[in-house]
Structure formats: structure tokens, C-alpha cells
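In: Sharing a model prediction with you, sequence too.
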Amino acid sequence: MKKYIFGTVIAAIITAVLVIMGVMQLRGDDTGAGGAASGNAAGQGIADRPDCPAGPIAGVDLECLGGTDTGDVGAGEGNHTDAGITIANVWAWWCEPCRAELPYFDEVAKSHPEWKVIGIHADKNAANGAAFLNDVGVDLPSFQDSHNSFAGALGLPGVVPVTVILRDGEVLKQAAQPFTSAAEIEKTVKEALAG
């Protein structure tokens, strides 16, 4: 009888711990999801990431995910995201199509330094977002959007991935689709710029 009670108590404790960990994950409290702690996020366990160009993006101010807002990223007509051509890819760490397409955005950023190619992580768990980018080997500067402010301000559909092409802060095109190559992204951007 004592073994049965002891086993039941141990099972209850393990279940409680797993439930608490699951709730913390859903709330975004799990800051240990990959990467070393970074001083840029006040010790929140967010992995270091590349610095972001100065904001806002289409009038929306967002924090840099794992980096700082420097204004040193990108070329175009100034280092501000609302100057020149900006390609903003809205993604989330749990999104499989995002995992597949983000390396293509990284490739486009490297082959088109005249464009500011950035990511916007649309999930409250910044630590998971930074770890996700590091896991897939993407160097793209990304902003953190815990409250979906960017999507709300621009009236984007409630899906990820979504890509927004902007000229001087004005939206030229929204593409709510996963891209399957860097060439497909380049073609979409060039069509939006020509239109």
C-alpha cells in the first residue's frame, strides 16, 4: 500500500512540473530555449543576433530581436527602415514554412545590399525566436513583435509567413505566402517596385 501511495505522489509531482513547464512555454516565460544569455535583452536569455536598422517600420516601433537598433544595417537611401526599399518578412519560431523560406530571405539580403531585408518575429517568445534563427543559420536582422503591432497597424492577415514590400515606409505589396526560392522573392519585389 505504501509503495502505491509513494508512486502516486511521485507521478502527481512529475505531472505538476510538466504542466507548469507547458504553461510557462505558452506564456513565453521559457527563456532558456537555445543560445546564451545576451546583455541586450536585460538578461532575458535571448541569444545574440545581428543589429537592426533604425525604426520605425511603416510607422511601427519595434525592438530589435537579440541585437540593438543601430541604423548601420542596409544601404539604400539611408539606414532608416522607412527610407528606401524595405522587405519585411513576418515569421514565427513555430512556423515550418517560415523555417523553409527564411534562408532565402537571408540570400536575398546578401545579393541585394541596396534593399533593407528584415524579419519581424510575430510571437511573444523572443528567446525562442532568436534561438530559431540561430538554429537555421539565418543572419537576417529581425525585430520582435510580441503583440502583433506591425500586422495590426498594416491590416495584415492573421497568418505567417507574410512579406511586406515597402518604399520609403509606404506599403507597395503584401504577400501572404511562403516563398520557395530567392529568385521568387526577387521577382515579387521587382514586380512591386515596377507597379
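Out: Perfect, I can see it now.

In: wait, isn't Gly66 in contact with Asp51?
Out: No: applying CB atoms under 8 Å as the test, Gly66 and Asp51 come out as separate, 9.2 Å apart. For glycine as for every other residue, the C-beta is placed from the backbone atoms N, C-alpha and C.

In: Between the two, which is the more surrounded one?
Out: Using other CB atoms under 10 Å, the more surrounded residue of Gly66 and Asp51 is Gly66, with 28 against 17.

In: roughly how far apart are that one and Ala130?
Out: Counting by CB to CB, to the nearest Å, the separation of Gly66 from Ala130 is 4 Å.

In: cool, Asp123 as well?
Out: With CB to CB as the criterion, Asp123 and Ala130 are 11 Å apart.

In: Now for Lys187, how many residues are close by?
Out: When neighbours are counted by other CB under 10 Å, Lys187 registers 12.

In: looking at this, it is in a helix?
Out: Yes: membership of Lys187 in a helix is supported by DSSP: H, G, I helix; E, B strand; the rest coil.

In: where does Pro56 sit relative to Ser146, distance-wise?
Out: If you measure Pro56 against Ser146 using CB to CB, the figure is 16 Å.

In: Ok, Ala122 next?
Out: In this structure, Ala122 and Ser146 are 9 Å apart, going by CB to CB.

In: more neighbours, these two?
Out: Between Ala122 and Ser146, counted using other CB under 10 Å, the more crowded position is Ala122 (27 against 15).

In: Can you pull the phi/psi pair for the nearest residue to Ala192 once chain neighbours are set aside?
Out: In space, not counting the residues next to it along the chain, Ala192 is nearest to Lys173; the distance is 3.8 Å by CB to CB, 6 or more residues apart in numbering. Lys173 adopts backbone torsions of phi -160, psi 140, taken as degrees, to the nearest 10.

In: I figured Lys173 hits Val164, correct?
Out: Yes: contact criterion CB under 8 Å: Lys173 and Val164 qualify, at 7.4 Å.

In: More neighbours: these two, which one.
Out: Taking other CB under 10 Å, Lys173 and Val164 do not tie; Val164 has more neighbours (24 against 16).

In: The more buried one looks like it's in a helix, true?
Out: No: secondary structure assignment places Val164 outside any helix; it is strand (three-state DSSP).

In: which ones are touching it?
Out: Contact partners of Val164, counting by CB atoms under 8 Å, 6 or more residues apart in numbering, are 58, 87-88, 90, 154, 156, 171, 173-175.
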